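> coordinates only, sequence not included:
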């Protein structure tokens, strides 16, 4: 699929609570996989990728933590419960 050249015609809806919780779960899994099995060391090092790109694991950790914080704040901003009223006449 070709990249978009503008945002004209792009529409979307707010994320549901369930979608946000799913994103948080995926981020938590990514964090766990990054830090387990010695994959995150105290030393700063990079992992080579295609076209000579490198990824710093510590930078990935910071990015994941920042994303998690943003989605947690979004989740916390949602109402915890909603009320409805029945007409009993």
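Looks like it arrived, so ask away. The shown structure was predicted, so the numbers you read here are calculated from the model rather than taken from an experiment.
> quick one: the residue nearest to residue 35 when sequence neighbours are not counted from residue 31, how far?
Counting by C-beta to C-beta, 6 or more residues apart in numbering, the nearest residue to residue 35 once its immediate chain neighbours are dropped is residue 61, at 7.4 Å. C-beta here means a position set from N, CA and C on the backbone, and glycine is covered the same way. Applying C-beta to C-beta, to the nearest Å, one obtains 7 Å for the distance of residue 61 from residue 31.
> likewise residue 15?
For residue 15, the distance to residue 31 equals 20 Å [C-beta to C-beta].
> cool, and residue 24?
Distance from residue 24 to residue 31, by C-beta to C-beta: 10 Å.
> quick check: neighbours shared by these two?
residue 68 (C-beta atoms under 8 Å, 6 or more residues apart in numbering).
> by mean pLDDT, which helix or strand of the protein comes out lowest?
strand 46-48 (a mean of 59; mean pLDDT, DSSP states H and E).
> if I look at the residue nearest to residue 35, how far off is residue 1?
30 Å.
> where does the prediction get shaky in the chain?
Applying pLDDT under 70 to the chain flags residues 37-55, 82-83.
> list the contacts for the most far-flung residue of it relative to its centre?
Residue farthest from the centre of the chain, counting by C-alpha atoms, centre = their mean, is residue 89 at 47.0 Å. Counting by C-beta under 8 Å, 6+ apart, residue 89 makes contact with nothing.
> where do the helices sit along this structure?
For the chain, the helices defined by DSSP state H occupy 17-35, 57-76.
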